[in-house]
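Q: sequence and predicted model, in that order:
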Amino acid sequence: MIEIDEKLVKKVEEYEDELYRKIENKELTLCEMCEDVFPYKPQKRFCDACLKRRRYLRQKDYAKRDYVVAKRKTGSALSKKQEYDLARRNEWKDKNPIQQKLCPACDKMFTPKTRNPKIKYCSAECRNLKYKVKKE
Ligand SMILES: [Zn+2]
Ligand SMILES: [Zn+2]
């Protein structure tokens, strides 16, 4: 059996009573995070240690975010992305070569310079020829 020191229990109870009385009287405040007590100050909800810790954690968060943003904006990161995009584009071009088309004006196969589907004629002359034919 553990012997309970009645005197000590009473002392603790008295101490707690005193504490709560002081908290009620706004002489002391109970920290919302660690339940430590500190001298009352209006609007102050956390003890100094907890405030410090909160501030530190927030600064760490900010620092981390700033670092990530700064890193994303650096020139090397940008050019890396551009390099990657260019490589992807070239890869796609290699896999999808420009298809030959049949010119409807001169009936010749030709390779257009771009993938633009609007390109139908092998040359400007053929295109003009077609328009002339249409007009007549
Ligand atoms: Zn605290
Ligand atoms: Zn043509």
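A: Perfect, thanks for sending it. Ligands and ions are numbered 1, 2, ... in the order given.

Q: domains for the chain, by residue range?
A: 6-69, 101-135 (automatic domain parsing).

Q: the helix or strand where residue 53 lies packs against which elements?
A: In the assignment (DSSP states H and E), residue 53 maps to helix 48-73. If you count contacts as 3 or more C-beta pairs under 8 Å, 6 or more residues apart in numbering; DSSP states H and E, helix 48-73 packs onto no helix or strand. Just so you know, the C-beta spots here come from the backbone N, C-alpha and C atoms, and that holds for glycine as well.

Q: name the element residue 42 belongs to?
A: Here residue 42, judged by DSSP H and E, is contained in no helix and no strand.

Q: show me what contacts it?
A: By C-beta atoms under 8 Å, 6 or more residues apart in numbering, the contact set of residue 42 is empty.

Q: mind checking pLDDT for it?
A: Looking at residue 42, its pLDDT stands at 91.

Q: go on, the one 3 residues further on?
A: Note on residue 45: pLDDT of 92.
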